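Participant: sequence plus predicted model, see below.
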Amino acid sequence: MHEGGLRFKPDVPLSDYDFTSPLLGFKKSASGYSGWYAPATGGRWDVEMRLSSSEAARMQQIRINGSAEPLRNAPEGIRFYR
């Protein structure tokens with residue numbers, strides 16, 4: 001976590017798993033990644049998932065609150081804002 005949002009690296013050596021906390025829910029499955037982020041206050045939040053280059057290349061779209069959003073490349077993965 002950082003003051004502008006969240007940065008994490010989902011580097012668990014399993015093909016399927018999920019994690020849930022009051023702040024973040026995250027799931028990796030054969031169909032891709034899904035999750036949610038629930039900061040304590042409103043505003044614009046930066047979320048960065050640090051992925052291997054091969055995993056990042058597999059990402060074709062991101063949906064945020066039901067709407068398709070453009071993917072933004074980050075140095076080691078993908079980044080989105082909400």
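Facilitator: Received it, and whenever you're ready, just let me know what you need.

Participant: what's the closest non-adjacent residue to the residue nearest the centre of the chain?
Facilitator: For the chain, the residue nearest the mean C-alpha position is Met49 (4.7 Å; Cα atoms, centre = their mean). Excluding its sequence neighbours, the residue lying closest to Met49 (Cβ to Cβ, 6 or more residues apart in numbering) is Gly77, at 4.8 Å. Quick note: C-beta positions are derived from backbone N, CA and C, even for glycine.

Participant: the residue nearest to the centre of the chain: what's it in contact with?
Facilitator: 8-10, 33, 74, 77-79 (Cβ atoms under 8 Å, 6 or more residues apart in numbering).

Participant: cutoff 10 Å now
Facilitator: Residues near Met49 by Cβ atoms under 10 Å, 6 or more residues apart in numbering: 6-10, 26, 33, 35, 55-56, 59, 62, 74, 76-80.

Participant: with Glu48 instead?
Facilitator: Contacts for Glu48 (Cβ under 10 Å, 6+ apart) come out as 2, 4-9, 72, 74-81.

Participant: can you name the element that comes right after the worst-scoring helix or strand of the chain on mean pLDDT?
Facilitator: For the chain, counting by mean pLDDT, DSSP states H and E, strand 72-74 ranks last in confidence among helices and strands (a mean of 70). Using DSSP states H and E, the helix or strand that follows strand 72-74 towards the C-terminus is strand 77-81.

Participant: hmm, back to that, now the contacts of Met49: which count as buried?
Facilitator: Among those, those buried by neighbour count (16 or more other Cβ atoms under 10 Å) are 7-8, 10, 26, 33, 35, 55-56, 62, 74, 77-80.

Participant: how close does Tyr33 get to Gly66?
Facilitator: 16 Å (Cβ to Cβ, to the nearest Å).
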